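In: heads up, no residue letters with this:
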Ligand SMILES: NC(=O)c1ccc[n+]([C@@H]2O[C@H](COP(=O)([O-])OP(=O)(O)OC[C@H]3O[C@@H](n4cnc5c(N)ncnc54)[C@H](OP(=O)(O)O)[C@@H]3O)[C@@H](O)[C@H]2O)c1
């Protein structure tokens, strides 16, 4: 149904409940997946890139369609009410601080902090990226979301063979409700896990998955969270 809606929106202007301006910082796999999905829902997407005039980013803007654009990371957040940090998981603190004043904005955090230095993957932080970003931007409302599934499943949930739920963690119920609307618009389901400190557990799930996937002796698996 969502695919049909996206297709139809190419031809007719379908109303969205309210159109947000969403800065997507980072133009890799996750930034591209979420940016194109949010634009298909009728939101204004501004990509924030270290090199906004690169052919990679110019192609992404064209592929995103609507009124999407790209600029530097710090510029992208200025007019946005929602900021997505689709950036390397071990750099979130410095990148958040480099973006300037994020007061009053919702920050969606899909990142995973991965320590790849030893024989096994480990959590790269002792708390969680969700909490680190919230501390770096204390007057913003951070919502952990989208870190528990691959970018391919984000854009095509049917790959999983059934509904996929996105766990949300954050201290603001209002911010979680707005992110839940985006999640549902993408054909996914939202589950509220409570406060931002619960990011720790969702981020840990990926470490478990990585060690079994690449751990040699262990049995690889996939997981999808699903509401019953
Ligand atoms: N890949 C997945 O399926 C997946 C799924 C869920 C969550 N995640 C998490 O989501 C985050 C992004 O993953 P991804 O797969 O999209 O990674 P990616 O393809 O490597 O993209 C990350 C983007 O961040 C920007 N970036 C890279 N180095 C930077 C730096 N030093 N300073 C500022 N920006 C920098 C780049 O955009 P510009 O070149 O435009 O600056 C880059 O394209 C990671 O934390 C990952 O763990 C990934």
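Out: Noted; the coordinates are in hand. None of the values given here were measured: they were computed from a predicted structure.
In: Spatially central residue in this structure, please.
Out: residue 110 (3.8 Å; CA atoms, centre = their mean).
In: Specify the local secondary structure of the spatially closest residue to that residue that is not a sequence neighbour.
Out: Of all residues not flanking residue 110 in the chain, residue 146 sits nearest, at 3.8 Å (CB to CB, 6 or more residues apart in numbering). In short, each C-beta sits where N, CA and C put it, glycine included. Three-state assignment for residue 146 (DSSP: H, G, I helix; E, B strand; the rest coil): coil.
In: can you count the residues close to residue 146?
Out: 28 (other CB atoms under 10 Å).
In: which parts of the chain sit against the ligand?
Out: The chain has residues 26-31, 49-51, 57, 86-89, 91, 95, 110-112, 146-147, 150-151 near the ligand, with proximity defined as CB under 6 Å from any ligand atom.
In: from the protein, which residue is nearest to the ligand?
Out: The chain approaches the ligand most closely through residue 28 (1.9 Å), counting by CB to the nearest ligand atom.
In: quick one: contacts for that residue?
Out: Listed by CB atoms under 8 Å, 6 or more residues apart in numbering, the contact partners of residue 28 are residue 86.
In: Equivalent analysis for the one 5 residues further on, please.
Out: Remark: with contacts taken as CB under 8 Å, 6+ apart, residue 33 is in contact with 151, 152, 154, 155.
In: Just put the residues you listed in TSV and tack on neighbour count and distance to residue 124.
Out: Shown next, in TSV, are these (neighbours: other CB atoms under 10 Å; distance: CB to CB, whole Å):
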residue	neighbour count	distance to residue 124
151	17	20
152	12	23
154	23	22
155	18	26
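In: quick one: which of these sit in helices?
Out: 151, 152, 154, 155 (DSSP state H).
In: right, and residue 107 touches residue 83 too?
Out: Yes. With contact defined as CB atoms under 8 Å, residue 107 reaches residue 83; the gap is 5.0 Å.
In: Please enumerate the shared neighbours of the two.
Out: Contacts common to residue 107 and residue 83, judged by CB under 8 Å, 6+ apart, are residue 140.
In: quick revisit: counting only strands, which of the residues of the chain next to the ligand make the cut?
Out: Assignment to strands by DSSP state E places none of these there.
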